[in-house]
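# Turn this into a model:
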Amino acid sequence: MGGKRVRIHTNCQPNKCAKRSFVGKDNDDDDDRISRLPDDVLLDILSFLSLKEAARTSVLSSRWMNLWKHTPSLDFDAQGVLDKIPKHCKSEKRKSEKRKFVKWVNSVVRTHKSPALKEFKIRFPLKKSSRKSITRWLEFAFSRRVQSLELDFDNYHNLYEFPQEFLLDGSMQPPSNSVRIDQPPRMLFDFKSLKALSLKSVRVSDGAIEFFLHNCLLLEQLIVHESIKLSRLEICGSSLKLKHLEIVSCRRLKSLKVSAPRLTTLNITRSKGLLLENVPLLVNACVSCGDASISIENVFSVLSCCVSQLQTLSLDLSNIEIGRVLDEISELPLLPKLKKLVIKYCARGHESFIRLTALLRVSPFLEEFFFQFHWYILPREDRQVKIPISSPHHHLKVFKFCGYYGSTNDVELISYILENCPVLEKIIIDLFCVSFPVPRVPQHVELVIL
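Predicted structure coming up:
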(Lines give C-alpha, C1' and ligand atoms only; values in the text may rest on other atoms or scores of the structure.)
Protein backbone atom coordinates (compact mmCIF):
# COMPACT_ATOMS: atom_id res chain seq x y z
CA MET A 1 0.00 0.00 0.00
CA GLY A 2 1.51 3.28 -1.15
CA GLY A 3 1.25 6.62 0.56
CA LYS A 4 2.93 9.98 0.98
CA ARG A 5 6.04 9.89 3.06
CA VAL A 6 5.81 12.34 5.99
CA ARG A 7 8.76 13.86 7.81
CA ILE A 8 8.11 14.32 11.52
CA HIS A 9 10.09 16.78 13.64
CA THR A 10 10.28 15.54 17.21
CA ASN A 11 11.58 18.88 18.46
CA CYS A 12 8.53 20.88 17.38
CA GLN A 13 7.48 22.27 20.75
CA PRO A 14 5.63 25.53 21.42
CA ASN A 15 8.09 28.39 21.70
CA LYS A 16 7.10 30.08 24.94
CA CYS A 17 9.88 32.67 24.73
CA ALA A 18 9.82 33.40 21.02
CA LYS A 19 11.73 36.46 19.92
CA ARG A 20 9.99 39.26 18.09
CA SER A 21 10.62 39.05 14.37
CA PHE A 22 10.87 42.05 12.09
CA VAL A 23 9.36 40.10 9.18
CA GLY A 24 7.28 36.98 8.67
CA LYS A 25 8.96 33.59 8.75
CA ASP A 26 10.01 32.08 5.46
CA ASN A 27 9.62 28.31 5.60
CA ASP A 28 10.28 27.57 1.94
CA ASP A 29 13.49 25.79 2.89
CA ASP A 30 13.30 23.58 5.97
CA ASP A 31 17.09 23.11 5.85
CA ASP A 32 17.73 26.83 6.30
CA ARG A 33 18.43 26.71 10.02
CA ILE A 34 20.24 30.06 10.07
CA SER A 35 17.09 31.93 9.06
CA ARG A 36 15.25 30.38 12.00
CA LEU A 37 17.63 31.96 14.50
CA PRO A 38 16.34 34.88 16.62
CA ASP A 39 16.67 38.38 15.22
CA ASP A 40 19.28 39.38 17.78
CA VAL A 41 21.55 36.53 16.69
CA LEU A 42 21.10 37.34 12.99
CA LEU A 43 21.90 41.00 13.65
CA ASP A 44 25.09 39.91 15.38
CA ILE A 45 25.97 37.93 12.25
CA LEU A 46 25.29 40.98 10.06
CA SER A 47 27.58 43.08 12.28
CA PHE A 48 30.56 41.17 10.84
CA LEU A 49 29.68 42.38 7.33
CA SER A 50 30.17 45.76 5.75
CA LEU A 51 27.03 47.85 5.41
CA LYS A 52 26.73 47.13 1.68
CA GLU A 53 27.27 43.42 2.24
CA ALA A 54 24.60 43.41 4.94
CA ALA A 55 22.15 45.12 2.57
CA ARG A 56 22.75 42.41 -0.05
CA THR A 57 21.40 39.76 2.34
CA SER A 58 17.91 41.15 1.70
CA VAL A 59 17.75 39.06 -1.50
CA LEU A 60 18.18 35.76 0.38
CA SER A 61 14.55 35.42 1.41
CA SER A 62 11.70 37.37 2.91
CA ARG A 63 13.12 36.53 6.33
CA TRP A 64 16.18 38.64 5.54
CA MET A 65 14.51 41.36 3.47
CA ASN A 66 14.32 44.10 6.12
CA LEU A 67 16.63 42.64 8.72
CA TRP A 68 19.70 44.69 7.77
CA LYS A 69 17.72 47.91 8.29
CA HIS A 70 17.65 47.11 12.01
CA THR A 71 21.41 46.79 12.46
CA PRO A 72 22.57 49.08 15.28
CA SER A 73 25.89 49.90 13.61
CA LEU A 74 26.11 52.08 10.50
CA ASP A 75 29.64 52.33 9.07
CA PHE A 76 29.84 54.45 5.91
CA ASP A 77 33.54 54.03 5.15
CA ALA A 78 34.44 54.75 1.52
CA GLN A 79 37.76 56.58 1.85
CA GLY A 80 39.55 54.28 -0.57
CA VAL A 81 37.12 54.92 -3.44
CA LEU A 82 38.73 58.17 -4.62
CA ASP A 83 42.23 56.70 -4.53
CA LYS A 84 41.28 54.34 -7.34
CA ILE A 85 40.31 57.14 -9.74
CA PRO A 86 42.85 57.73 -12.57
CA LYS A 87 44.48 61.18 -12.45
CA HIS A 88 43.36 62.22 -15.95
CA CYS A 89 39.67 62.03 -14.97
CA LYS A 90 39.98 62.86 -11.29
CA SER A 91 37.97 66.08 -11.02
CA GLU A 92 34.67 64.99 -12.60
CA LYS A 93 34.93 61.45 -11.32
CA ARG A 94 35.52 62.66 -7.77
CA LYS A 95 32.40 64.83 -7.92
CA SER A 96 30.41 61.89 -9.25
CA GLU A 97 31.65 59.60 -6.46
CA LYS A 98 30.80 62.21 -3.82
CA ARG A 99 27.26 62.51 -5.16
CA LYS A 100 26.92 58.73 -5.08
CA PHE A 101 28.21 58.59 -1.50
CA VAL A 102 25.79 61.26 -0.26
CA LYS A 103 22.91 59.53 -2.04
CA TRP A 104 23.86 56.19 -0.48
CA VAL A 105 23.95 57.58 3.07
CA ASN A 106 20.69 59.46 2.57
CA SER A 107 18.89 56.33 1.33
CA VAL A 108 20.06 54.24 4.31
CA VAL A 109 19.18 56.94 6.84
CA ARG A 110 15.67 57.30 5.39
CA THR A 111 14.87 53.57 5.63
CA HIS A 112 16.74 52.62 8.79
CA LYS A 113 14.51 51.26 11.54
CA SER A 114 16.63 50.58 14.62
CA PRO A 115 15.46 52.79 17.52
CA ALA A 116 19.03 53.06 18.88
CA LEU A 117 22.51 53.17 17.38
CA LYS A 118 25.67 51.71 18.80
CA GLU A 119 27.81 53.27 16.07
CA PHE A 120 27.47 55.87 13.33
CA LYS A 121 30.58 56.41 11.23
CA ILE A 122 31.21 58.59 8.16
CA ARG A 123 34.59 58.30 6.43
CA PHE A 124 34.75 60.17 3.15
CA PRO A 125 36.37 63.46 1.97
CA LEU A 126 33.39 65.81 2.15
CA LYS A 127 33.45 69.62 2.37
CA LYS A 128 31.06 72.21 3.73
CA SER A 129 29.24 72.13 0.37
CA SER A 130 27.59 68.94 1.69
CA ARG A 131 26.67 70.56 5.01
CA LYS A 132 22.88 70.14 4.64
CA SER A 133 23.15 66.40 4.17
CA ILE A 134 25.78 66.04 6.92
CA THR A 135 23.60 67.98 9.35
CA ARG A 136 20.65 65.71 8.59
CA TRP A 137 22.84 62.67 9.26
CA LEU A 138 23.84 64.11 12.61
CA GLU A 139 20.21 64.81 13.48
CA PHE A 140 19.42 61.20 12.67
CA ALA A 141 22.31 59.82 14.75
CA PHE A 142 21.59 61.95 17.81
CA SER A 143 17.86 61.21 17.61
CA ARG A 144 18.75 57.49 17.81
CA ARG A 145 20.85 58.05 20.96
CA VAL A 146 24.10 57.10 19.23
CA GLN A 147 26.83 55.67 21.46
CA SER A 148 29.81 56.09 19.13
CA LEU A 149 29.96 58.89 16.55
CA GLU A 150 32.80 59.37 14.06
CA LEU A 151 33.07 61.98 11.31
CA ASP A 152 36.24 61.74 9.21
CA PHE A 153 36.12 64.02 6.18
CA ASP A 154 39.85 63.72 5.34
CA ASN A 155 39.98 67.34 4.22
CA TYR A 156 42.01 70.48 4.96
CA HIS A 157 39.96 73.13 3.15
CA ASN A 158 36.34 74.29 3.34
CA LEU A 159 35.72 72.26 6.47
CA TYR A 160 32.26 71.36 7.67
CA GLU A 161 31.37 73.23 10.86
CA PHE A 162 29.67 71.38 13.67
CA PRO A 163 26.23 73.01 14.10
CA GLN A 164 26.03 75.01 17.33
CA GLU A 165 22.23 74.80 17.29
CA PHE A 166 22.50 71.10 18.19
CA LEU A 167 23.87 72.01 21.58
CA LEU A 168 21.15 74.43 22.68
CA ASP A 169 17.57 74.74 21.50
CA GLY A 170 16.91 78.45 21.47
CA SER A 171 13.18 77.98 20.78
CA MET A 172 12.76 76.35 24.19
CA GLN A 173 14.40 79.15 26.16
CA PRO A 174 12.18 81.64 28.00
CA PRO A 175 11.96 85.20 26.66
CA SER A 176 14.98 87.38 27.33
CA ASN A 177 13.13 89.55 29.90
CA SER A 178 12.32 86.53 32.05
CA VAL A 179 15.54 84.54 31.91
CA ARG A 180 16.10 82.39 35.01
CA ILE A 181 19.75 81.74 35.72
CA ASP A 182 18.83 78.79 37.95
CA GLN A 183 17.16 76.97 35.03
CA PRO A 184 19.56 75.99 32.25
CA PRO A 185 18.23 75.94 28.70
CA ARG A 186 16.99 72.61 27.40
CA MET A 187 19.00 70.68 24.83
CA LEU A 188 17.66 69.80 21.42
CA PHE A 189 19.03 66.24 21.75
CA ASP A 190 19.81 63.89 24.61
CA PHE A 191 23.54 63.17 24.51
CA LYS A 192 23.64 60.94 27.58
CA SER A 193 24.27 57.77 25.55
CA LEU A 194 27.39 59.09 23.79
CA LYS A 195 30.51 57.13 24.79
CA ALA A 196 32.90 57.92 21.92
CA LEU A 197 33.19 61.07 19.79
CA SER A 198 35.64 61.43 16.90
CA LEU A 199 35.70 64.57 14.74
CA LYS A 200 38.34 64.73 12.00
CA SER A 201 38.49 67.63 9.56
CA VAL A 202 35.51 69.24 11.28
CA ARG A 203 35.40 72.82 12.53
CA VAL A 204 34.48 72.48 16.19
CA SER A 205 34.90 75.14 18.87
CA ASP A 206 36.32 75.04 22.41
CA GLY A 207 32.82 75.61 23.75
CA ALA A 208 31.35 72.70 21.79
CA ILE A 209 34.01 70.29 23.10
CA GLU A 210 33.52 71.45 26.67
CA PHE A 211 29.75 71.11 26.21
CA PHE A 212 30.12 67.46 25.25
CA LEU A 213 32.45 66.81 28.17
CA HIS A 214 29.99 68.20 30.69
CA ASN A 215 26.79 66.77 29.18
CA CYS A 216 27.93 63.35 27.95
CA LEU A 217 28.46 61.69 31.29
CA LEU A 218 29.47 58.36 29.71
CA LEU A 219 32.03 59.82 27.29
CA GLU A 220 35.21 57.70 27.36
CA GLN A 221 36.86 58.59 24.06
CA LEU A 222 37.37 62.04 22.52
CA ILE A 223 39.26 62.53 19.25
CA VAL A 224 39.65 65.86 17.42
CA HIS A 225 41.88 66.21 14.33
CA GLU A 226 42.50 69.20 12.05
CA SER A 227 40.11 71.62 13.71
CA ILE A 228 41.06 75.26 13.16
CA LYS A 229 38.60 76.63 15.72
CA LEU A 230 40.22 75.22 18.84
CA SER A 231 42.19 77.88 20.69
CA ARG A 232 42.14 77.53 24.47
CA LEU A 233 40.71 74.20 25.53
CA GLU A 234 40.12 72.84 29.02
CA ILE A 235 39.34 69.17 29.55
CA CYS A 236 38.86 69.10 33.28
CA GLY A 237 36.54 67.48 35.79
CA SER A 238 36.81 65.03 38.67
CA SER A 239 33.73 63.17 37.42
CA LEU A 240 34.93 62.75 33.83
CA LYS A 241 34.99 59.15 32.59
CA LEU A 242 37.32 60.07 29.71
CA LYS A 243 39.94 57.38 29.07
CA HIS A 244 41.25 58.22 25.57
CA LEU A 245 42.07 61.76 24.35
CA GLU A 246 43.50 62.85 20.98
CA ILE A 247 44.00 66.48 19.99
CA VAL A 248 45.96 66.28 16.73
CA SER A 249 47.00 68.87 14.12
CA CYS A 250 44.85 71.66 15.56
CA ARG A 251 47.31 74.34 14.47
CA ARG A 252 45.61 77.31 16.16
CA LEU A 253 45.49 75.68 19.55
CA LYS A 254 47.36 77.89 22.01
CA SER A 255 46.74 76.10 25.28
CA LEU A 256 45.36 72.78 26.47
CA LYS A 257 44.69 71.95 30.10
CA VAL A 258 43.89 68.34 30.98
CA SER A 259 42.71 67.12 34.36
CA ALA A 260 40.99 63.75 33.97
CA PRO A 261 41.43 61.13 36.71
CA ARG A 262 40.48 58.16 34.47
CA LEU A 263 42.56 59.12 31.42
CA THR A 264 44.84 56.28 30.24
CA THR A 265 45.85 57.39 26.71
CA LEU A 266 46.89 60.84 25.42
CA ASN A 267 47.86 61.80 21.86
CA ILE A 268 48.82 65.44 21.37
CA THR A 269 50.80 66.98 18.50
CA ARG A 270 51.42 70.30 20.19
CA SER A 271 53.16 70.12 23.56
CA LYS A 272 53.55 73.90 23.79
CA GLY A 273 50.85 75.22 26.14
CA LEU A 274 49.99 71.73 27.45
CA LEU A 275 49.26 71.46 31.17
CA LEU A 276 48.60 68.06 32.74
CA GLU A 277 47.08 67.68 36.18
CA ASN A 278 45.43 64.81 38.05
CA VAL A 279 46.11 62.04 35.50
CA PRO A 280 47.03 59.15 37.84
CA LEU A 281 46.05 56.45 35.32
CA LEU A 282 47.82 57.88 32.25
CA VAL A 283 50.11 55.13 30.90
CA ASN A 284 50.17 55.76 27.12
CA ALA A 285 51.43 59.08 25.75
CA CYS A 286 52.13 60.24 22.19
CA VAL A 287 53.70 63.71 22.06
CA SER A 288 55.13 65.83 19.28
CA CYS A 289 57.55 68.68 19.89
CA GLY A 290 55.40 70.63 17.41
CA ASP A 291 57.95 73.17 16.24
CA ALA A 292 61.66 73.83 16.45
CA SER A 293 61.27 76.08 19.51
CA ILE A 294 60.25 73.11 21.68
CA SER A 295 62.97 71.03 23.28
CA ILE A 296 63.00 67.49 24.65
CA GLU A 297 63.50 69.05 28.06
CA ASN A 298 60.21 70.94 27.59
CA VAL A 299 58.39 67.74 26.62
CA PHE A 300 59.55 65.84 29.70
CA SER A 301 58.74 68.84 31.85
CA VAL A 302 55.15 68.70 30.56
CA LEU A 303 55.02 64.95 31.31
CA SER A 304 56.68 65.29 34.71
CA CYS A 305 53.50 64.43 36.64
CA CYS A 306 53.13 61.06 34.87
CA VAL A 307 56.54 60.14 33.43
CA SER A 308 57.22 57.57 36.17
CA GLN A 309 54.00 55.65 35.34
CA LEU A 310 54.18 55.62 31.53
CA GLN A 311 54.18 52.21 29.83
CA THR A 312 54.13 53.42 26.20
CA LEU A 313 55.76 56.62 24.95
CA SER A 314 55.88 57.98 21.40
CA LEU A 315 58.06 61.04 20.71
CA ASP A 316 58.02 62.94 17.42
CA LEU A 317 61.38 64.76 17.25
CA SER A 318 61.20 65.52 13.52
CA ASN A 319 61.29 69.29 13.93
CA ILE A 320 64.28 69.45 16.29
CA GLU A 321 67.79 69.78 14.94
CA ILE A 322 70.03 66.84 15.82
CA GLY A 323 72.56 69.02 17.61
CA ARG A 324 69.96 70.23 20.07
CA VAL A 325 68.55 66.73 20.49
CA LEU A 326 71.92 65.26 21.38
CA ASP A 327 72.77 68.08 23.77
CA GLU A 328 69.47 67.78 25.61
CA ILE A 329 69.10 64.01 25.64
CA SER A 330 72.02 63.37 28.00
CA GLU A 331 69.97 64.30 31.08
CA LEU A 332 66.62 62.55 31.11
CA PRO A 333 64.30 61.40 33.88
CA LEU A 334 64.03 57.70 34.65
CA LEU A 335 61.18 55.83 32.92
CA PRO A 336 60.88 52.85 35.28
CA LYS A 337 57.68 51.32 33.86
CA LEU A 338 58.16 51.98 30.15
CA LYS A 339 57.58 48.89 27.98
CA LYS A 340 57.38 50.42 24.50
CA LEU A 341 59.23 53.42 23.02
CA VAL A 342 58.58 54.98 19.59
CA ILE A 343 60.86 57.70 18.22
CA LYS A 344 60.09 59.61 15.01
CA TYR A 345 63.04 61.52 13.66
CA CYS A 346 64.15 63.46 10.59
CA ALA A 347 67.85 62.95 9.75
CA ARG A 348 70.10 65.74 8.49
CA GLY A 349 73.41 64.51 7.14
CA HIS A 350 76.07 62.58 9.07
CA GLU A 351 74.83 62.80 12.67
CA SER A 352 74.95 59.54 14.57
CA PHE A 353 71.80 57.98 16.01
CA ILE A 354 73.68 56.27 18.84
CA ARG A 355 73.16 59.09 21.32
CA LEU A 356 69.41 58.70 20.85
CA THR A 357 69.80 55.40 22.67
CA ALA A 358 70.07 57.41 25.90
CA LEU A 359 66.30 57.06 25.91
CA LEU A 360 66.76 53.30 26.11
CA ARG A 361 69.20 53.59 29.00
CA VAL A 362 66.68 55.48 31.15
CA SER A 363 64.07 52.78 30.38
CA PRO A 364 65.46 49.73 32.22
CA PHE A 365 62.44 47.48 31.50
CA LEU A 366 61.87 48.43 27.87
CA GLU A 367 60.67 45.53 25.70
CA GLU A 368 59.93 47.18 22.32
CA PHE A 369 61.78 49.97 20.51
CA PHE A 370 60.42 51.41 17.23
CA PHE A 371 62.56 53.91 15.32
CA GLN A 372 60.91 55.77 12.41
CA PHE A 373 62.88 58.28 10.39
CA HIS A 374 63.35 59.87 6.99
CA TRP A 375 66.11 61.96 5.46
CA TYR A 376 65.76 65.72 5.43
CA ILE A 377 69.30 66.17 4.07
CA LEU A 378 71.07 63.17 2.57
CA PRO A 379 74.77 62.75 3.51
CA ARG A 380 77.09 63.60 0.65
CA GLU A 381 79.37 60.69 1.47
CA ASP A 382 79.47 57.90 4.00
CA ARG A 383 81.83 57.84 6.97
CA GLN A 384 83.39 54.97 8.85
CA VAL A 385 81.25 52.98 11.25
CA LYS A 386 82.11 53.66 14.89
CA ILE A 387 82.35 50.82 17.39
CA PRO A 388 79.11 50.77 19.41
CA ILE A 389 79.33 51.58 23.10
CA SER A 390 78.49 48.93 25.67
CA SER A 391 75.25 49.46 27.60
CA PRO A 392 73.21 46.27 28.07
CA HIS A 393 69.41 46.35 27.79
CA HIS A 394 68.28 43.13 29.44
CA HIS A 395 64.58 43.26 28.53
CA LEU A 396 64.48 44.55 24.92
CA LYS A 397 62.90 41.85 22.71
CA VAL A 398 61.68 43.67 19.57
CA PHE A 399 63.38 46.38 17.51
CA LYS A 400 61.66 47.92 14.47
CA PHE A 401 63.51 50.23 12.04
CA CYS A 402 61.28 52.14 9.61
CA GLY A 403 63.01 53.96 6.74
CA TYR A 404 66.22 51.91 6.68
CA TYR A 405 68.60 53.47 4.16
CA GLY A 406 71.70 51.33 4.61
CA SER A 407 73.87 54.29 5.60
CA THR A 408 76.54 54.38 8.29
CA ASN A 409 74.03 55.85 10.75
CA ASP A 410 71.65 52.93 10.18
CA VAL A 411 74.37 50.28 10.53
CA GLU A 412 75.64 51.83 13.75
CA LEU A 413 72.20 51.79 15.35
CA ILE A 414 71.50 48.16 14.42
CA SER A 415 74.98 47.14 15.59
CA TYR A 416 74.29 48.83 18.91
CA ILE A 417 71.02 46.91 19.31
CA LEU A 418 72.62 43.56 18.45
CA GLU A 419 75.55 44.11 20.80
CA ASN A 420 73.56 45.32 23.79
CA CYS A 421 70.28 43.38 23.78
CA PRO A 422 71.00 39.78 24.86
CA VAL A 423 67.32 38.69 24.88
CA LEU A 424 66.49 40.23 21.49
CA GLU A 425 64.00 38.05 19.60
CA LYS A 426 63.04 40.00 16.49
CA ILE A 427 64.30 42.81 14.24
CA ILE A 428 61.79 44.33 11.81
CA ILE A 429 63.23 46.46 9.00
CA ASP A 430 61.08 48.61 6.71
CA LEU A 431 63.39 49.40 3.78
CA PHE A 432 63.42 52.86 2.24
CA CYS A 433 64.32 51.10 -1.01
CA VAL A 434 64.25 47.35 -1.73
CA SER A 435 67.75 47.50 -3.30
CA PHE A 436 69.42 48.48 -0.01
CA PRO A 437 71.58 45.79 1.63
CA VAL A 438 70.02 43.99 4.58
CA PRO A 439 72.12 43.62 7.74
CA ARG A 440 73.11 40.19 9.04
CA VAL A 441 71.66 39.08 12.35
CA PRO A 442 72.42 36.10 14.62
CA GLN A 443 70.49 32.90 14.02
CA HIS A 444 68.47 33.19 17.24
CA VAL A 445 67.07 36.56 16.12
CA GLU A 446 64.14 36.62 13.67
CA LEU A 447 64.65 39.11 10.82
CA VAL A 448 61.51 40.50 9.16
CA ILE A 449 61.87 42.65 6.01
CA LEU A 450 58.92 44.83 5.03
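# drop to CA atoms for contacts and neighbour counts, all remaining ones
Noted.
# Please enumerate the strands of the stretch 1-150 of the chain.
73-77, 119-123, 148-152 (DSSP state E, counting those that start in this stretch).
# what's the spacing between the second one and its chain's center?
In other words, strand 119-123. When distances are taken as Cα atoms, centre = their mean, to the nearest Å, strand 119-123 is centred 13 Å away from the chain's centroid.
# cool, and the first one?
On the basis of Cα atoms, centre = their mean, strand 73-77 is displaced by 15 Å from the centre of the chain it belongs to.
# Which strands border that strand, and is each parallel or antiparallel?
Within its sheet, and counting by DSSP bridges, strand 73-77 is paired with strand 119-123 (parallel).
# Please apply the same query to the last one.
Partner strands for strand 148-152, per DSSP bridges, with pairing direction: strand 119-123 (parallel), strand 196-200 (parallel).
# Tabulate these in a markdown table, adding columns for distance to Tyr416 and mean neighbour count.
Listed next are those as a markdown table, based on distance: least, Cα to Cα, whole Å; neighbours: other Cα atoms under 10 Å:
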| stretch | distance to Tyr416 | mean neighbour count |
| --- | --- | --- |
| strand 119-123 | 43 | 19 |
| strand 196-200 | 40 | 20 |
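# Mind putting those into JSON lines with mean pLDDT?
Written out in JSON lines, the entries for these read as follows (pLDDT from 0 to 100):
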{"stretch": "strand 119-123", "mean pLDDT": "95"}
{"stretch": "strand 196-200", "mean pLDDT": "97"}
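# looking at these, which is closest to Lys254?
Ranking the strands paired with strand 148-152 by proximity to Lys254 (Cα to Cα) places strand 196-200 first, at 18.8 Å.
# so after the closest one, what's the next helix or strand?
strand 202-203 (DSSP states H and E).
# How about residues contacting that next one?
Under the contact criterion Cα atoms under 8 Å, 6 or more residues apart in numbering, strand 202-203 has outside partners Leu151, Asp152, Phe153, Leu159, Tyr160, Glu161, Phe162, His225, Glu226, Ser227, Ile228, Lys229.
# Let's see that with 7 Å instead.
Contact with strand 202-203 is made by Leu159, Tyr160, Glu161, Phe162, Ser227, Ile228, Lys229, as judged by Cα atoms under 7 Å, 6 or more residues apart in numbering.
# Highest neighbour count among those residues?
Each of the contacts of strand 202-203 was scored for neighbours by other Cα atoms under 10 Å, and Ser227 scores highest at 25 neighbours.
# Turn the strands paired with strand 148-152 into CSV, including distance to Leu82.
Output for these, formatted as CSV (distance: least, Cα to Cα, whole Å):
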stretch, distance to Leu82
strand 119-123, 12
strand 196-200, 18
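# Helices of the chain, start to end?
Counting by DSSP state H, one finds helices in the chain at the ranges 39-46, 51-56, 90-111, 131-143, 206-215, 296-302, 322-328, 358-361, 408-420.
# Adding distance to Val438 and pLDDT, write the contacts of strand 202-203 out as a markdown table.
What follows is the contacts of strand 202-203, written out as a markdown table (distance: Cα to Cα, whole Å; pLDDT from 0 to 100):
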| residue | distance to Val438 | pLDDT |
| --- | --- | --- |
| Leu159 | 44 | 87 |
| Tyr160 | 47 | 92 |
| Glu161 | 49 | 92 |
| Phe162 | 50 | 93 |
| Ser227 | 42 | 93 |
| Ile228 | 43 | 90 |
| Lys229 | 47 | 92 |
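# where among the helices of the chain is the average confidence lowest?
Per-segment confidence across the helices of the chain bottoms out at helix 322-328, which has a mean of 56 in mean pLDDT.
# want to throw the strands of the stretch 1-150 of the chain into CSV with distance to Phe399?
Formatted as CSV, the entries for the strands of the stretch 1-150 of the chain read as follows, by distance: least, Cα to Cα, whole Å:
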stretch, distance to Phe399
strand 73-77, 33
strand 119-123, 33
strand 148-152, 32
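# Ok, which of the ones you listed comes nearest Glu367?
Each of the strands of the stretch 1-150 of the chain was scored for nearness to Glu367 using Cα to Cα, and the closest is strand 148-152 (33.2 Å).
# count of residues packed around Val258?
Other residues lying near Val258 total 19 when counted by other Cα under 10 Å.
# returning to that earlier point: from the contacts of strand 202-203, pick the one nearest Glu412.
Compare each of the contacts of strand 202-203 with Glu412 using Cα to Cα and the shortest gap goes to Ser227, at 40.7 Å.
# Check the spacing between that closest one and Leu266 real quick.
In this structure, Ser227 and Leu266 are separated by 17 Å, where distance is defined by Cα to Cα, to the nearest Å.
# and what of Phe191?
23 Å.
# And Ile228, by the same measure?
Look at Ile228 and Leu266: by Cα to Cα, they are 20 Å apart.
# Lys272 now?
The separation that Lys272 has from Leu266, given Cα to Cα, amounts to 15 Å.
# buried residues in stretch 37-51?
Asp39, Leu42, Leu43, Leu46, Ser47, Leu51 (16 or more other Cα atoms under 10 Å).
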